[in-house]
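**Student:** I'd like to go over a predicted model; first the sequence, then the structure.
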Amino acid sequence: MSAPLSPSPDYEQSAEAFLRQYGHTSLISLGCGFQLNRIDNHIRLMAALNLTFYVGIDQVTNINPSPTDIFLDREDKEELLAKYYQGEPQGLWEAIKVFPNTWVEELRGLHCAAVVCQRVEPDCRWEDVIVSMRPKLVLQEDLHGCERQQLRGHGYVRTWIKARQYGLQPFRPWPIFPGERNLILWRRQDFDDEEIQASKWKVLWRLRERFIG
């Protein structure tokens, strides 16, 4: 995993063109910043949904991975990636596609599998754009001092059971509201929920997802 990230010339195209072709198998990090870092949960979601691409977009002029902080738990993530990429964890570098000089609003209406909102600046309201992309899951993390996107009422419900199922761990787990732990995972309501169906606490899980958000 020490190889530098060098986006392939094959993908020197717009984010719109790329996502029209590959959005259905991509996780998109909105406003990822000039350094990709602390993406442990993002990789867990990629593995859980069996996705091919990690797409970082931002209005900054250049996007690169952090040489030291790409993962918080490097050993654990390298083990996961080795398994996911059949013994070749460096496959992640080929999966990462970055699109600097790109505004979130440019992605309106482009379908994707999952969305990550991390460290969103105040007054950045992206709910309409996110909903138009119809991701199965939306992860918001590092919420302290950042804009919290509200997807309730837009066809999404907060899901604790999937956060637990996928092993998502907040990297700054200070509570904002009881039980939140600085991380929110939203599930599109028509996305599979077989783990709830199989639970003996099904009614309680549904009430929690429906009324808390």
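**Tutor:** Noted; the coordinates are in hand. Here the structure is a predicted model, which means the values were calculated and not measured.
**Student:** Can you give me the buried ones in stretch 84-98?
**Tutor:** 84, 89, 92, 93, 95, 96, 97, 98 (16 or more other Cβ atoms under 10 Å). Just so you know, the C-beta spots here come from the backbone N, C-alpha and C atoms, and that holds for glycine as well.
**Student:** Inside helices: which ones of those residues?
**Tutor:** Counting by DSSP state H, the buried residues of stretch 84-98 place 84, 92, 93, 95 in helices.
**Student:** So the last one is in contact with residue 56, correct?
**Tutor:** In this case it means residue 95. No. In this structure residue 95 lies outside contact range of residue 56 using Cβ atoms under 8 Å: 11.2 Å.
**Student:** Residue 26 versus the closest residue to residue 142 other than its chain neighbours, what's the distance?
**Tutor:** Once flanking residues are discounted, residue 142 sits nearest to residue 119: 5.1 Å by Cβ to Cβ, 6 or more residues apart in numbering. To residue 26, residue 119 is 20 Å away according to Cβ to Cβ, to the nearest Å.
**Student:** before we move on, what about residue 126?
**Tutor:** To residue 26, residue 126 is 17 Å away according to Cβ to Cβ.
**Student:** Give the full set of residues in contact with the residue positioned nearest the centre of the chain.
**Tutor:** Nearest residue to the geometric centre of the chain (Cα atoms, centre = their mean): residue 116, 3.0 Å. Residues in contact with residue 116 (Cβ atoms under 8 Å, 6 or more residues apart in numbering) are 27, 28, 29, 30, 32, 41, 42, 45, 138, 139, 140, 141.
**Student:** Between those, identify the one with the most neighbours.
**Tutor:** residue 28 (28 neighbours; other Cβ atoms under 10 Å).
**Student:** Okay, and that residue sits in which element?
**Tutor:** According to DSSP states H and E, residue 28 maps onto strand 26-30.
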